[in-house]
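Chemist: Turn this into a model:
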Amino acid sequence: MQENENPIIVGRIGGVYGVRGWLKIESYTRPKENIFTYSPWYIHVDSSWKEVDIEDFQQRGSGRLLVKMTGVDTPEAAREYVRCKLAVTQTVLPALNEGEYYWHDLMGLEVFNQDNISLGNVKDIVETGANDVLVIKKVGEKKAKTLIPLIMEVFVKRVDLVAKTMHVDWLIEE
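Modeler: You can find the predicted model right below:
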């Protein structure tokens, strides 16, 4: 990975599987098996990103994702990668249609309501099943968070990635 590229975290290694060095993968992609469509993968080891060569991968049952990295042939060798983050570069992600955004694009945006009052910045996005939810936190406030459903055209009215802002239809509770 080049120095100027920010890694896009797409998952992490969850544990060792079997006696041949296979690893369990926790995917952050949707659907989760899409993680296997991106290449190359980078793994965060020893405070740096290292490209890994994938020898094989498989999906077991309804959700278990497994991967076999080249040169990792024992459970002991595989254990060194448990809990490591998996990433790709922006260039391997598919282009989106207008009005569609990757979560990492929305992180950090300053959020304004319809009265042009700053609600804070996007600190997290939570998947709830029905719809995703933006977690907005104001700088300097330790506990106060605003949760806004990530529903375009209903609550989220405009996103400007250049200005790093988002405009929402949301009232402030007093």
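
Chemist: domain parsing for this protein?
Modeler: The chain breaks down by automatic domain parsing into domains covering 8-91, 103-168.

Chemist: Turn those domains into CSV, columns for mean neighbour count and distance to Asn97.
Modeler: Where you see a C-beta, it was placed from the backbone N, CA and C, and this is true even at glycine. Shown next, in CSV, are the domains of the chain (neighbours: other C-beta atoms under 10 Å; distance: least, C-beta to C-beta, whole Å):
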stretch, mean neighbour count, distance to Asn97
domain 8-91, 15, 16
domain 103-168, 14, 12
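
Chemist: Pipe the ones you listed into TSV and attach mean pLDDT per row.
Modeler: Listed next are the domains of the chain as TSV, based on pLDDT from 0 to 100:
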stretch	mean pLDDT
domain 8-91	94
domain 103-168	92
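
Chemist: which residues in this structure form helices?
Modeler: 75-79, 103-106 (DSSP state H).

Chemist: In terms of secondary structure, what does the longest one contact?
Modeler: Applying 3 or more C-beta pairs under 8 Å, 6 or more residues apart in numbering; DSSP states H and E, one finds that helix 75-79 contacts strand 8-17.

Chemist: packing partners for the strand it packs on?
Modeler: Packing partners of strand 8-17 (3+ C-beta pairs under 8 Å, 6+ apart): strand 22-27, helix 75-79, strand 85-88.

Chemist: Let's have those in CSV, adding distance to Trp103.
Modeler: Shown next, in CSV, are the helices and strands packed on strand 8-17 (distance: least, C-beta to C-beta, whole Å):
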stretch, distance to Trp103
strand 22-27, 14
helix 75-79, 29
strand 85-88, 14
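
Chemist: Tell me which of those lies nearest to Asp132.
Modeler: The closest of the helices and strands packed on strand 8-17 to Asp132 is strand 22-27. By C-beta to C-beta, the value is 16.2 Å.

Chemist: elements contacting the closest one?
Modeler: So strand 22-27, by 3+ C-beta pairs under 8 Å, 6+ apart, packs with strand 8-17, strand 64-69.

Chemist: Now render the ones you listed as a markdown table, adding distance to Asn116.
Modeler: Output for those, formatted as a markdown table (distance: least, C-beta to C-beta, whole Å):
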| stretch | distance to Asn116 |
| --- | --- |
| strand 8-17 | 31 |
| strand 64-69 | 44 |
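
Chemist: Out of those, which gets nearest to Ala144?
Modeler: Using C-beta to C-beta, those put strand 8-17 closest to Ala144, at 26.5 Å.
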